[in-house]
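Colleague: Need coordinates for the following:
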Amino acid sequence: MPGAKVILAKAKHAARKTAYDMVAVYKGDMLVNIDSQAPNEVAYLYLRNHYPDAVVRREQRWLDSRLDFHVQGSGLSLYVEVKGCTLEKNGIALFPDAPTMRGIKHLHALMSCVQSGHRAMVLFVVQMTPVNGFAPYDSMHPAFGEALRAASLAGVEVIAYECIVTERGMNIHQPIPVML
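Modeller: Residues are numbered from 1 along each chain as shown. Next comes the predicted model:
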């Protein structure tokens, strides 16, 4: 949007076409992180803190999918898919902001994990604060909302955390209600 205040970060690789990455944008007074790598980084720290005695592995294969994390410890086998959420309307964080067949595939993989005796979780990292809750954006992609509700009914844990976003980074803050 013309006139929007954005936050840039110096690119790490000199051979790029542009010297900077756009990592956040102001929406009024709210700063929204739009760095697509950030959700997995804060999710990794969240998982390490919540399961300190477990091993957290990134990019784990399950059947024909690659899920973001596998948390394994004494009696624990948890597969986790992370979804970054950058859309907010009327105080509610919404996902997806565009149709995502890949997202549906991940939900089906998580349901398969549960059917095979593992725990499974989809973690929505809401890249802004404050918001009052999270919901699937059914008017954008009804099939994703249907798959998310089916996954929840099948035993996949559906959680959402809002993040504190500053001009220097983003940290998971607190859980928010999930409205399916």
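
Colleague: mean confidence for the longest helix along the chain?
Modeller: Using DSSP state H, we find that the single longest helix of the chain is helix 101-115. Helix 101-115 shows a mean pLDDT of 97.

Colleague: any idea of the mean pLDDT in whatever helix or strand comes next after that helix?
Modeller: Sequence order places strand 119-126 as the next helix or strand after helix 101-115, per DSSP states H and E. The average pLDDT for strand 119-126 rounds to 98.

Colleague: Just checking: what are the partner strands of strand 119-126?
Modeller: Strand 119-126 pairs in its sheet with strand 76-85 (parallel), strand 157-166 (parallel), by DSSP bridges.

Colleague: Can you tell me which of the ones you listed is most buried?
Modeller: For the strands paired with strand 119-126, the largest average neighbour count (mean count of other CB atoms under 10 Å) is found in strand 76-85, namely a mean of 21. Heads up, the C-betas are built off the backbone N, CA and C, glycines and all.

Colleague: how about the helix or strand that that one is followed by: buried residues?
Modeller: Moving toward the C-terminus from strand 76-85, the next helix or strand (DSSP H and E) is strand 87-89. Neighbour counts over strand 87-89 (16 or more other CB atoms under 10 Å) mark Leu87, Glu88 as buried.

Colleague: what's the average pLDDT for strand 87-89?
Modeller: For strand 87-89, the mean pLDDT works out to 97.

Colleague: Report all helices and strands that it contacts.
Modeller: strand 92-95 (3 or more CB pairs under 8 Å, 6 or more residues apart in numbering; DSSP states H and E).

Colleague: picking that back up, okay if I get the strands paired with strand 119-126 as JSON lines plus distance to Val42?
Modeller: Putting these into JSON lines (distance: least, CB to CB, whole Å) gives the following:
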{"stretch": "strand 76-85", "distance to Val42": "9"}
{"stretch": "strand 157-166", "distance to Val42": "6"}
